[in-house]
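no FASTA, just this:
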């Protein structure tokens with residue numbers, strides 16, 4: 001009897017210990033597990049929110065100079081976009097690039113001017129890959145709306161290139177848009193000039209058509225001339241935007257042809273690519289993957305594949321806004 005009693009007590013003790021471990025395991029499962037990704041996301045969101053708050057503060061301060069006494073209170077949705085990309089090209093190897101485009105939205109001054117800062121080069125063809133300044137200088141200036149109607153506007157843009165010796169520039173832009181059946185035609189004419197690089201002009205015609213509610217086809221024909229281009233440079237691009245399920249997801253196949261005329265008319269490049277865009281990790285962060293093939297004249301029209309991976313970070317208003 002004594003042996004049996006000891007065995008029973010031992011079994012009860014083992015069961016009690018196991019029950020305690022099970023209860024402890026249940027408590028552990030009920031507690032939220034530590035997640036490195038969640039901590040990283042919280043840190044990134046906090047940093048972005050801090051920058052956005054400062055960004056909106058500057059916009060409100062500048063916008064207060066244009067506010068009328070009878071104007072309703074509203075919050076400007078200023079936006080800033082930073083783009084980082086890395087391209088692996090068969091002919092050049094790895095080539096990183098950085099581009100940013102910031103716009104201060106001033107609701108009370110919207111009919112008069114916009115304030116901008118970017119590192120995009122004026123006068124480049126719309127299909128130029130990453131049209132950033134070669135020496136990473138920054139453009140900053142204001143855009144004045146000289147005339148605006150329902151489908152037509154004229155604006156004048158003036159600013160300077162910063163870093164090193166300032167380089168003033170100006171740009172006059174005219175745009176007219178006209179619907180035709182299910183198509184929309186848009187004509188844009190730009191005349192611009194840099195103090196160091198001289199004058200130039202860009203002419204562009206876009207034809208767009210929406211299919212359904214969100215699919216878009218666009219054909220772009222453009223020509224540009226500056227004192228630094230090789231004669232007149234041309235571009236013909238066809239692009240189709242197909243949204244996908246999910247936040248900020250889309251597929252954009254495109255085909256482009258580039259040429260120039262400086263005496264004879266020569267084809268410079270044939271290009272085809274497909275861009276996949278999707279939200280990545282955070283709602284304000286986008287991932288872009290673009291496999292591409294091209295046949296450039298500088299390589300005797302040899303087959304040249306490349307792959308570009310880029311990230312876009314949005315500060316202020318999100319892309320969907």
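Arrived safely, thanks for sending. On a predicted model such as this, the values are computed, not experimentally measured, just so you know. Residues are numbered from 1 along each chain as shown.

what sits against residue 297?
Contacts for residue 297 (C-beta atoms under 8 Å, 6 or more residues apart in numbering) come out as 266, 267, 268, 269. Quick note: C-beta positions are derived from backbone N, CA and C, even for glycine.

quick one: buried residues of whichever strand in the chain runs longest?
Scanning the chain for the longest strand, with DSSP state E as the assignment, gives strand 265-280. By neighbour count on 16 or more other C-beta atoms under 10 Å, the buried set for strand 265-280 is 268, 269, 270, 271, 273, 275, 277, 279, 280.

Name the weakest-confidence residue in those, if you would.
Lowest pLDDT among these: residue 280, with 83.

Packing partners of the helix or strand in which residue 222 is found?
Element membership of residue 222, judged by DSSP states H and E, is strand 215-226. Applying 3 or more C-beta pairs under 8 Å, 6 or more residues apart in numbering; DSSP states H and E, we find strand 215-226 packed against strand 198-211, strand 232-243.

Does residue 230 touch residue 259 like I think?
No - counting by C-beta atoms under 8 Å, residue 230 stays clear of residue 259, with 10.5 Å between them.

More neighbours: these two, which one.
residue 259 (17 against 12; other C-beta atoms under 10 Å).

And the helix or strand that one falls within, what does it pack against?
Assessed by DSSP H and E, residue 259 sits inside strand 250-261. Helices and strands touching strand 250-261, by 3+ C-beta pairs under 8 Å, 6+ apart, are strand 232-243, strand 265-280.

name the helices or strands packed onto the last one?
This points to strand 265-280. strand 250-261, strand 282-294.

among these, which gets the worst mean confidence?
Among these, strand 282-294 scores lowest, with a mean of 89.

Checking residue 40 next. Helix, strand or coil?
helix (DSSP: H, G, I helix; E, B strand; the rest coil).

Could you report the neighbour count for it?
12.

That one and residue 46, how far apart?
Residue 40 is 11 Å from residue 46, where distance means C-beta to C-beta, to the nearest Å.

Residue 240 too?
Distance from residue 240 to residue 46, by C-beta to C-beta: 38 Å.

the more surrounded of the two?
Between residue 240 and residue 46, counted using other C-beta under 10 Å, residue 240 has the larger neighbour count: 15 against 10.

a helix runs through residue 114, doesn't it?
No - Residue 114: not assigned to a helix; according to three-state DSSP it is strand.

picking that back up, with distance to residue 165 as extra columns, can I get the helices and strands packed on strand 250-261 in a markdown table?
Converted to a markdown table, the helices and strands packed on strand 250-261 look like this (distance: least, C-beta to C-beta, whole Å):
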| stretch | distance to residue 165 |
| --- | --- |
| strand 232-243 | 27 |
| strand 265-280 | 32 |
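
between the ones you listed, which gets nearest to residue 52?
Checking the helices and strands packed on strand 250-261 against residue 52 by C-beta to C-beta gives strand 265-280 as the closest, at 17.6 Å.

Paired strands for the closest one, with orientation please.
strand 250-261 (antiparallel), strand 282-294 (antiparallel) (DSSP bridges).

shaky segments in this protein?
For the chain, the stretches with pLDDT under 70 are 1-36, 66-80, 91, 93-112, 129-136, 316-321.

ok now do residue 210, which residues does it touch?
Applying C-beta under 8 Å, 6+ apart, the residues contacting residue 210 are 182, 216.

Next one: it from residue 185, what distance?
For residue 210, the distance to residue 185 - C-beta to C-beta - is 14 Å.

intersection of neighbour lists for those two?
By C-beta under 8 Å, 6+ apart, no residue touches both residue 210 and residue 185.

For the strand holding residue 259, buried residues please.
250, 252, 254, 256, 258, 259, 260.

Dump those residues to TSV, plus distance to residue 314.
Below are those laid out as TSV (distance: C-beta to C-beta, whole Å):
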residue	distance to residue 314
250	15
252	18
254	22
256	26
258	30
259	35
260	35
